[in-house]
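coords please:
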Amino acid sequence: MNRVVLALAAAVWAAPLAAQEPQADSAAGMHQLLELVRSDFRTQKVAIVTAAMPFTEQQAAAFWPIYRQYEAELTTLWDQRLALIKDYGQSYQAMTDAKATQLAETALRLEDEQVKLRKKYFDRVSKAVGPVLAARFLQVENQIAALVSLQIAEEVPLIRKPE
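Numbers count the residues shown, from 1 in each chain. Next up is the predicted model:
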């Protein structure tokens, strides 16, 4: 389990990198590093879900295509979250009331979208493998998201108004 936590921490380590303004010559390298970390995170996440979900062969055949669709949609939301963190990092030193409002509203919208996505896929997984396994999948996803969010919260400084 320690390996899982380390993998999650490593994946989230990229979030502070995204918040920094890259130099022109290092932007490509930063993108490559982010993609490498994401790839490793996705691999570890699949391993976690596999270990946590006691599927029969038939259930696995029904679940994994749905899971891949879920991950594709979730990745889009995480891309938006990383863009929000980058925007926050770029605005941090010169925060205005208007920018703080925009950042907060975007963060809340993304949270709402993530809840809607989980609900949508809970329903799909429930139809495919049953409500008990769907609820277990939801628990695993919530735990992983909580770990990632905690790591981001530790790395991103609290908002402040410049003096």
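
now the strand or helix carrying Ser91: how far from the chain's centre is it?
Under the criterion of DSSP states H and E, Ser91 resides in helix 57-91. Mean-position distance between helix 57-91 and its chain equals 6 Å (Cα atoms, centre = their mean, to the nearest Å).

tilt between the very next helix or strand once past that helix and helix 57-91?
Using DSSP H and E, the helix or strand that directly follows helix 57-91 along the chain is helix 97-129. Put simply, helix 97-129 runs at 180 degrees to helix 57-91, going by axes from the mean of the first three to the mean of the last three Cα atoms, to 10 degrees.

Low-confidence ranges, this structure, go.
1-38 (pLDDT under 70).

picking that back up, what helices or strands is the helix holding Ser91 leaning on?
In terms of contact count using 3 or more Cβ pairs under 8 Å, 6 or more residues apart in numbering; DSSP states H and E, helix 57-91 is assigned the packing partners helix 2-19, helix 27-52, helix 97-129, helix 131-155. For glycine as for every other residue, the C-beta is placed from the backbone atoms N, C-alpha and C.

Could you tell me the angle between the third one and helix 131-155?
So the one you mean is helix 97-129. Using the same axes, to 10 degrees: helix 97-129 against helix 131-155 is 160 degrees.
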